[in-house]
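Visitor: Sequence first, predicted model second:
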Amino acid sequence: MTLPVNENPRCTFAIISHPDAGKTTMTEKLLWFGRVVREAGMVKSKQGNYAKSDWMEMEKERGISITSSVMSFPYNQRAMHLLDTPGHKDFSEDTYRTLTAVESVLMMIDSAKGVEEQTKKLMEVCRIRDTPIVTFMNKFDRDAMDPFELIDNVEKICSIQCVPMTWPVGSGVDFKGVYDIKTKTIRSFDEGNDPESEKVLDASDLHSAEVLDYIGTELAEKLEEDLEMIQEMMPEFIEEEFLAGIMTPVFFGTALHNFGVKETLDMISTHGPGPAPREVRLSPFDENSDLREVLPNEKKFSGFIFKIQANMDKKHRDRVAFMRVCSGVFERNTKIHHVRTGKDIKIASPLIFQAQDREITEKAYPGDIIGLHDTGKFQIGDTFTNGEKIEFTGIPSFAPEIFRKVLLKDPMKAKQLDKGLQQLSEEGTVQLFRRHTSPEKILGAVGVLQFEVVKHRLEDEYGVRGEYEGYGFVGVRWLKFKNDIQKDKFIEKNSINIVYDNKARPCFAVRSEWDLKLVMEKNEEVEFFTTSDFK
Ligand code: GDP
C-alpha cells in the first residue's frame, strides 16, 4: 500500500462509541469504502493475525474490543489513519491516550438510545483538546428516536451544536435511505450492499415520479416538512466552528447496510484537520519546564508513542509501539533520538497498518502512525526526535481507582512476575506502583477487566500464576512540590501513603476521600493531581 505524498495533510482520526453502537461495523465499512478490504467482516475476522492471539480470544468471548488498532488507507487524495478505540469503560485509559494521537473523532450513536454513558465520558476527553467531532446516528434500519429528538439529545448532553448534513428517510422497516441535504440526492444500494452498486437518485424535486416511486408519498411529505424545519431551525455548516469543536456535522444511516457511510467518509476526508501543533517541554521530565509548540512543518523530525500493543502476532511474541509522527520526516534506517534513554537508534522495519496487514514503510510524515518493533525498550509517552531534548506533554496516566496485590502461587517465579508486571505497566495494560515503606508492588487499574487481562497474560506469556488480593486504596494523586525540602518532608510524614509510579514519581495513595481531604488541607502548598501529566 502506498499512501499519497502530496500537499494534502494526513487525516488522523479515531472512532469512538459506547459498546454496541456500531463502531466495529462502521470501521469495516469505512475500510470498505476506502477500498482497503474487499469484503465487510474482514476487520476482526477469524483469519487475521489479530484474531490469532489468546488475548483476542478473550476479547471475542466477551464480545468487547480491548485493543486499539490503527488502519491506514488512501482516500480522496489523502492518507487516512483510522484509530480504533476500545468501547468498554474498563479500557478507557487506552482510549484516552489514543485520542491524544488524533486530530478529529467520529462519534457513533445508537439511534434508538441516544448518547450513552461511555460516549459522554469520551466527549469530555475530546473537549480537553477541542477535538473536532463528526457524528453518525447509526442503526436507522431499526426503530430509532425521531431525528430531531436525537439531535436535541446530542446537543444537550454533549453541549455541541449539531448541523444535519444528511437526513433519514423513514426508519425501521420503512427506512429508505438518507437524503443528502446539500446535493439533494438519495443514495441507495442494491441487495448485497456492495458499495460499488450505489445508485444516486436526484431528489431535488420531492414530488418527482422517481422519488415518489422510491420512497412513497407519505415519506416524501414527511421529508419535505422535516427539511423546512431544518432550514428554519438549524444553522449552516461552518468549517471554523467544526474545527474549534463547537459544531458537529451529523450524518444519519446504518453502518450495517452502508447508508450514510460514504457521506461521512467524504466529510472527514474533506474537512478533517491535518496535523496540529503539539506542546513539548523544553526540559524533559521536569514538571516546571518551559513549553513550546512543535509545528508539523518544522524540518526536524519528532514523534511520540501513545500505545504499545503486545501479541499482535503470537508466533513472534512481539510488541509493537505505535508512534505518532508530529513534525519533519521519519526515515527508515536513519538515526533517531530516544529522549528518555538518551540513546540514538535506527528503526530497521517501521510498519504501517492496513486491516490485518502490515507493511514496512520507508518514510513517514506528520500525522502518520507507524509501528516500531519493541523488545521492551519503549514506554508510552516516549518522545523521539532528531536529537533535540524535548518531551511531548499530554499523554497522561489516569488515577486508578481499583488496586490489587499479586500473591504468587509459586515463589520461585518472583523474577518472572517482576518482569511481566514491568512490561505490562510499560504497555499501559495496568499501572504499577511501589510502596515507599516496603518493596511491595501494587497494581492499579481504572477498570476491573484490566486485571483479567493481566492475569491472563501473566499466566500465558510469563508462566506466572497468582492470586489477586484487594488492596485498601481507592485512588492515587500525583504530587507537585515547590522544592525538594518540601518534598522530602511530605514523603517522610506521609510515608505510609506514599507510592511511586513506574516512572518513580511519588504519589499519595488515597485510603478514603476523607483522608485525602485532610492531607490536602494540612499541606496547602503541595498540589495534588488526578492525572500524571500536569503542569
Ligand atoms: P461496537 O461494540 O460499537 O463495535 O458495535 P458493533 O459494530 O460490534 O455492533 C454491535 C451490534 O450491532 C452488532 O450485532 C452489529 O451487527 C449491529 N449493528 C451495527 N450497526 C448496525 C446497523 O446499522 N443496523 C443494525 N440493525 N445493526 C447494526
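Guide: Ah, there it is. Numbering: from 1, shown residues only.
Visitor: Give the rounded mean pLDDT of the longest helix belonging to the chain.
Guide: As assigned by DSSP state H, the longest helix anywhere in the chain is helix 209-233. Helix 209-233 shows a mean pLDDT of 95.
Visitor: Likewise for stretch 344-354?
Guide: Per-residue pLDDT values over stretch 344-354 give a mean of 91.
Visitor: what does this protein have sitting close to the ligand?
Guide: By Cβ under 6 Å from any ligand atom, the part of the chain that sits against the ligand consists of 17, 19-25, 65, 87, 138-139, 141-142, 254-256. All C-beta spots, glycine's among them, are computed from the backbone N, C-alpha and C.
Visitor: Quick check: phi and psi on the residue nearest to Ser111 when sequence neighbours are not counted?
Guide: Closest residue to Ser111 apart from its sequence neighbours, by Cβ to Cβ, 6 or more residues apart in numbering: Ala144 at 3.6 Å. Backbone geometry at Ala144, expressed as degrees, to the nearest 10, gives phi -130, psi 160.
Visitor: Ala144: what's it in contact with?
Guide: Residues near Ala144 by Cβ atoms under 8 Å, 6 or more residues apart in numbering: 111-112, 137, 150, 168, 171-172.
Visitor: again, 7 Å this time
Guide: 111-112, 171 (Cβ atoms under 7 Å, 6 or more residues apart in numbering).
Visitor: Top of those residues by number of neighbours, please.
Guide: Sorting those by how many neighbours each has (other Cβ atoms under 10 Å) puts Ser111 first, at 28 neighbours.
Visitor: mind listing the strands in the stretch 351-500 of the chain by residue range?
Guide: 351-353, 358-360, 363-364, 369-374, 383-385, 391-392, 402-408, 431-435, 441-445, 466-470, 475-480, 498-500 (DSSP state E, counting those that start in this stretch).
Visitor: Just checking: what are the partner strands of the helix or strand hosting Val163?
Guide: Taking DSSP states H and E as the definition, Val163 sits inside strand 161-164. Here strand 161-164 is paired, per DSSP bridges, with strand 247-252 (parallel).
Visitor: C-alpha coordinates for the strand it pairs with, CSV please?
Guide: Coordinates of each C-alpha in strand 247-252 appear next as CSV, following Å, rounded to 0.1, in the frame of the first residue of the first chain:
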residue,chain,number,x,y,z
MET,A,247,-20.2,22.4,15.9
THR,A,248,-20.6,18.8,14.8
PRO,A,249,-21.8,17.7,11.3
VAL,A,250,-24.4,15.0,11.8
PHE,A,251,-24.9,12.0,9.5
PHE,A,252,-27.8,9.5,9.7
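Visitor: helix or strand right after that strand?
Guide: Sequence order places helix 261-271 as the next helix or strand after strand 247-252, per DSSP H and E.
Visitor: So which bits of that following helix are buried?
Guide: Neighbour counts using 16 or more other Cβ atoms under 10 Å place 261-269, 271 of helix 261-271 among the buried residues.
Visitor: and the following helix or strand past it, which strands flank it?
Guide: Beyond helix 261-271 in the direction of the C-terminus, DSSP H and E gives the next helix or strand as strand 278-281. Under the criterion DSSP bridges, strand 278-281 sits next to strand 291-294 (antiparallel), strand 391-392 (antiparallel) in its sheet.
Visitor: mind giving me JSON lines with the ones you listed and columns for distance to Glu232?
Guide: Shown next, in JSON lines, are the strands paired with strand 278-281 (distance: least, Cβ to Cβ, whole Å):
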{"stretch": "strand 291-294", "distance to Glu232": "42"}
{"stretch": "strand 391-392", "distance to Glu232": "46"}
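Visitor: As a markdown table, those with mean neighbour count and mean pLDDT would be great.
Guide: Shown next, in a markdown table, are the strands paired with strand 278-281 (neighbours: other Cβ atoms under 10 Å; pLDDT from 0 to 100):
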| stretch | mean neighbour count | mean pLDDT |
| --- | --- | --- |
| strand 291-294 | 15 | 96 |
| strand 391-392 | 24 | 95 |
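Visitor: Let me see the ranges of the helices in this protein.
Guide: So, for the chain - with DSSP H - the helices run 23-33, 49-52, 54-62, 92-99, 117-128, 147-158, 209-233, 239-243, 261-271, 414-426, 449-462, 484-493, 513-522.
Visitor: Which parts of the protein belong to which domain?
Guide: Using the TED database, the domain parsing of the chain gives 8-45+75-271, 278-392, 402-529.
Visitor: what's the first-to-last distance across the second one?
Guide: Pointing back at domain 278-392 there. Start-to-end span of domain 278-392 (Cα to Cα, to the nearest Å) is 7 Å.
Visitor: cool, and the last one?
Guide: Using Cα to Cα, the end-to-end distance of domain 402-529 comes out at 17 Å.
Visitor: how about low-confidence regions in the stretch 401-535 of the chain?
Guide: In the predicted model of the stretch 401-535 of the chain, residues 534-535 satisfy pLDDT under 70.
Visitor: Taking it, what residue is nearest to the ligand?
Guide: Closest to the ligand within the stretch 401-535 of the chain is Leu449: 14.5 Å, counting by Cβ to the nearest ligand atom.
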